[in-house]
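Student: A structural model of the following input is requested.
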Amino acid sequence: MPLQAGITITGLGPGAPGHITVSAWDALKASTCTFLRTSRHPVVSWLVKEGISFSTFDYLYEQSPGFEEVYAGICQAVIAAARREPVLYAVPGHPLVAEESVRLIVEAAERDDINICIQPALSFLDAVITALRLNPGAGFQVVDGLRIDNNMPLPARPAVVTQVYSRLVAADVKVSLLEYYPPGHLITVVRGAGIPGEERIENIPLSELDRLDWVDHLTSLYIPEVGSQRSEAGDQGKNETGTDDREGLYGQAVGDGEETGQNGGVEVIRVNEKTNTGSNNGRRTLNVSRRSCRFPLDPLVNLLARLRGKGGCPWDLEQDHLTLRPYLLEETYEVLEALNEEDMYKLCEELGDLLLQIVFHAQIASENRLFDMNDVVNGISEKITRRHPHVFGTATARNSYEVSLNWEKIKAGEKGRSKPASLLAGVSMALPALMRAVKLQKKAASVGFDWPDYRGAMEKYHEELDELKHAISTGDKKQVEKEMGDLLFSVVNLARLLDVEPESALASTSEKFVKRFCYIENKARCTGKELQKCSLSELDAWWEEAKKQEIK
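Tutor: So this is what the prediction gives:
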């Protein structure tokens with residue numbers, strides 16, 4: 001039977017098809033407008049095989065700067081769809097267990113007087129309890145791993161930490177917990193609890209949490225109590241004066257409907273609204289302690305040597321400098337993407353991927369007795385020292401402009417290098433066209449070959465646009481291509497003189513286009529139409545809606 005008007009929220013269980021309840025299955029078969037919070041759930045592939053149609057909000061995770069924006073976007077889309085037709089919203093596990101998007105949808109539906117029905121389901125907690133044979137009656141805390149800094153569990157009571165969905169999150173959780181738990185405290189890491197063939201359980205010291213390479217979105221932690229908090233945690237919570245600096249720690253773990261210190265029951269750590277406000281704009285931040293470098297490159301170098309050694313990986317053994325070129329370029333662009341998104345978790349991960357490529361090339365060179373990673377590090381260290389005489393020597397540089405002048409002079413004199421045939425010869429042909437155009441223009445501008453300001457470049461742009469129009473009127477494709485190149489080069493020049501980075505500006509506009517187009521696709525899904533069968537007027541109307549959403 002079809003769903004009643006309004007919003008039905010159901011759970012997909014911990015991950016196995018057998019975890020889906022009969023009521024959830026009936027709702028999935030009956031719904032004509034179904035949203036899944038994410039497709040990153042083991043049961044989703046089974047739903048596809050069973051012919052269940054749905055849309056997901058994975059695109060919001062890719063586009064949004066933080067989880068708050070993701071959940072707000074989900075809420076907005078579900079409520080908008082519910083105003084037109086009955087909607088089914090399905091989430092992993094149980095709808096009311098660690099599901100912030102459900103809370104937002106329920107509150108919004110109540111404000112808009114939209115009927116809402118929440119169906120019970122198995123939660124990941126049920127699966128973890130069963131996998132570890134825990135007794136809920138003994139009492140334990142449930143903590144969101146993404147917000148653990150502001151919701152630290154009480155070490156004197158057991159805790160389950162959820163959403164430890166990557167090694168980066170695991171590292172952040174570990175650093176936070178080490179402020180209150182001993183490094184050797186044994187914890188249990190559970191992945192894919194209750195999912196046949198995927199469940200994995202391992203007991204490890206807390207200090208080794210981020211060394212597991214199989215941590216993913218199905219991972220949770222179980223942390224046993226350490227006894228008396230003050231006696232076992234020792235002085236880890238004390239500040240430099242020796243006094244306890246953990247104000248607010250005691251009594252944070254308050255379960256629904258119970259008082260602090262009450263025995264029994266599952267305690268759910270509520271979200272503290274003071275998380276990541278202010279200058280961070282709600283984005284996640286890494287919990288980084290001020291410490292010296294503890295990770296030399298030797299382990300990574302040895303790892304690559306092992307992969308390319310006897311009995312190593314066949315794929316790694318087949319690679320050479322040329323075959324690795326696409327991966328080096330790809331990893332570089334992924335680092336740039338993380339920088340554009342200002343996602344420090346992603347940046348940390350992508351820098352590691354890029355570093356792997358560097359060590360890979362050094363290993364191949366070492367095998368050919370050309371150079372090794374030591375030479376790479378020594379070479380760049382010497383170069384940086386040599387090119388900063390105002391820091392490591394007796395030279396002076398009053399501003400960044402003088403630093404740049406000194407840098408170019410030193411660079412030109414290094415290794416007895418002769419003067420290049422052209423000032424522009426040092427601009428690599430391998431650079432992307434947009435980036436190369438900027439560098440060429442800057443080189444020319446350094447010797448005075450430049451417009452006084454942006455106005456001259458603006459006039460040149462209009463001149464090139466007129467020439468392109470003329471070429472188009474002649475129908476000469478080669479001339480059109482030539483004039484289009486001139487026009488693009490003039491746009492880059494104009495951007496440079498306006499102090500706008502054209503690569504970043506174009507990337508930002510492209511991303512904006514992706515977000516708006518995804519909005520159109522989602523609208524088409526909710527209306528039950530294929531995108532190519534929608535009229536241009538419909539597409540334009542949805543495009544304008546997407547623009548208005550950005551303004552809001």
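Student: Which secondary structure element of the protein has the lowest mean pLDDT?
Tutor: None of the helices or strands of the chain scores lower by mean pLDDT, DSSP states H and E than helix 229-233, at a mean of 36.
Student: what about Y519, which SS state?
Tutor: Following DSSP: H, G, I helix; E, B strand; the rest coil, the label given to Y519 is helix.
Student: Revised request: answer the last question for N203.
Tutor: Applying three-state DSSP to N203 yields a three-state assignment of strand.
Student: Tell me the bridge partners for it.
Tutor: In this entry, N203 is beta-bridged to T188, by DSSP bridges.
Student: That one is in contact with L186, isn't it?
Tutor: Yes: with contact defined as Cβ atoms under 8 Å, N203 reaches L186; the gap is 5.6 Å. Glycine gets a C-beta too; all of them are placed from N, C-alpha and C.
Student: show me where the stretch 151-300 of the chain has helices.
Tutor: 167-177, 229-233, 298-307 (DSSP state H, counting those that start in this stretch).
Student: Just give me the lowest mean pLDDT stretch among the ones you listed.
Tutor: Across the helices of the stretch 151-300 of the chain, helix 229-233 has the smallest mean pLDDT, namely a mean of 36.
Student: where does this protein have low pLDDT?
Tutor: Applying pLDDT under 70 to the chain picks out residues 1-5, 227-295, 412, 414-421, 551-552.
Student: what's the span of stretch 182-200 from first residue to last?
Tutor: Using Cα to Cα, to the nearest Å, the end-to-end distance of stretch 182-200 comes out at 24 Å.
Student: what do you get for stretch 132-149?
Tutor: Span of stretch 132-149 from end to end, Cα to Cα: 26 Å.
Student: Please, where are all the strands along this structure?
Tutor: Under the criterion DSSP state E, strands of the chain are mapped to 7-11, 34-36, 55-56, 87-91, 116-118, 140-144, 159-162, 186-191, 200-205, 219-223, 266-268.
Student: For those strands, could you give me TSV that also reports mean neighbour count?
Tutor: Converted to TSV, the strands of the chain look like this (neighbours: other Cβ atoms under 10 Å):
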stretch	mean neighbour count
strand 7-11	25
strand 34-36	23
strand 55-56	18
strand 87-91	27
strand 116-118	16
strand 140-144	24
strand 159-162	24
strand 186-191	19
strand 200-205	13
strand 219-223	23
strand 266-268	21
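Student: Looking at those, which is nearest to L498?
Tutor: Of all the strands of the chain, strand 55-56 sits nearest to L498, with 39.6 Å by Cβ to Cβ.
Student: which other residues reach the closest one?
Tutor: Contacting residues not belonging to strand 55-56 are listed as 34-39, 522, 525-526 [Cβ atoms under 8 Å, 6 or more residues apart in numbering].
Student: Parallel or antiparallel, which strands does it pair with?
Tutor: As defined by DSSP bridges, the strand partners of strand 55-56 come to strand 34-36 (parallel).
Student: Outside of stretch 33-43 itself, list whatever touches it.
Tutor: 12-13, 15-17, 19-20, 28, 44, 52-58, 61, 74, 77-78, 81, 85-92, 99, 101, 192, 195, 198, 217-218, 526, 528.
Student: Ignore what I typed, I meant stretch 324-342.
Tutor: By Cβ under 8 Å, 6+ apart, the list of residues contacting stretch 324-342 reads 65, 283, 346-347, 349-351, 353-354, 356-357, 360-361, 364, 504, 507-508, 511.
Student: Try it again at 7 Å.
Tutor: The contact list for stretch 324-342, computed with Cβ atoms under 7 Å, 6 or more residues apart in numbering, reads 65, 283, 346-347, 350-351, 353-354, 357, 360-361, 504, 507.
Student: got the CA positions of it in PDB?
Tutor: This file holds the C-alpha atoms of stretch 324-342, laid out as PDB (Å, rounded to 0.1, in the frame of the first residue of the first chain):
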ATOM      1  CA  LEU A 324      53.700   6.800 -12.400                       C
ATOM      2  CA  ARG A 325      53.300  10.200 -14.100                       C
ATOM      3  CA  PRO A 326      49.400  10.100 -14.200                       C
ATOM      4  CA  TYR A 327      49.300   9.200 -10.500                       C
ATOM      5  CA  LEU A 328      51.600  12.100  -9.500                       C
ATOM      6  CA  LEU A 329      49.500  14.500 -11.500                       C
ATOM      7  CA  GLU A 330      46.200  13.100 -10.000                       C
ATOM      8  CA  GLU A 331      47.500  13.300  -6.400                       C
ATOM      9  CA  THR A 332      48.700  16.800  -6.900                       C
ATOM     10  CA  TYR A 333      45.300  17.900  -8.100                       C
ATOM     11  CA  GLU A 334      43.600  16.200  -5.200                       C
ATOM     12  CA  VAL A 335      45.800  18.100  -2.800                       C
ATOM     13  CA  LEU A 336      44.700  21.300  -4.600                       C
ATOM     14  CA  GLU A 337      41.000  20.200  -4.300                       C
ATOM     15  CA  ALA A 338      41.400  19.700  -0.600                       C
ATOM     16  CA  LEU A 339      43.000  23.200  -0.300                       C
ATOM     17  CA  ASN A 340      40.100  24.800  -2.200                       C
ATOM     18  CA  GLU A 341      37.600  23.000   0.100                       C
ATOM     19  CA  GLU A 342      39.600  24.100   3.200                       C
END
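Student: quick revisit: tell me the most buried of the helices of the stretch 151-300 of the chain?
Tutor: Stretch with highest mean neighbour count among these: helix 167-177 (a mean of 21; mean count of other Cβ atoms under 10 Å).
Student: Run the angle between that one and strand 140-144 for me.
Tutor: 130 degrees (axes from the mean of the first three to the mean of the last three Cα atoms, to 10 degrees).
Student: Helix 167-177 to strand 186-191, inter-axis angle?
Tutor: Using the same axes, to 10 degrees: helix 167-177 against strand 186-191 is 160 degrees.
Student: rewinding a little: of the contacts of stretch 33-43, buried ones?
Tutor: Buried members of the contacts of stretch 33-43, scored by 16 or more other Cβ atoms under 10 Å, are 12-13, 15-17, 19-20, 28, 44, 52, 54-57, 61, 74, 77-78, 81, 85-92, 99, 101, 192, 195, 217-218, 526.
Student: Excluding sequence neighbours, find me the nearest residue to L539.
Tutor: Leaving aside its chain neighbours, L539 sits nearest to I520 (5.9 Å; criterion: Cβ to Cβ, 6 or more residues apart in numbering).
Student: so that neighbour sits right up against W542, yeah?
Tutor: Yes: the criterion here is Cβ atoms under 7 Å, and I520 meets it with W542 at 4.5 Å.
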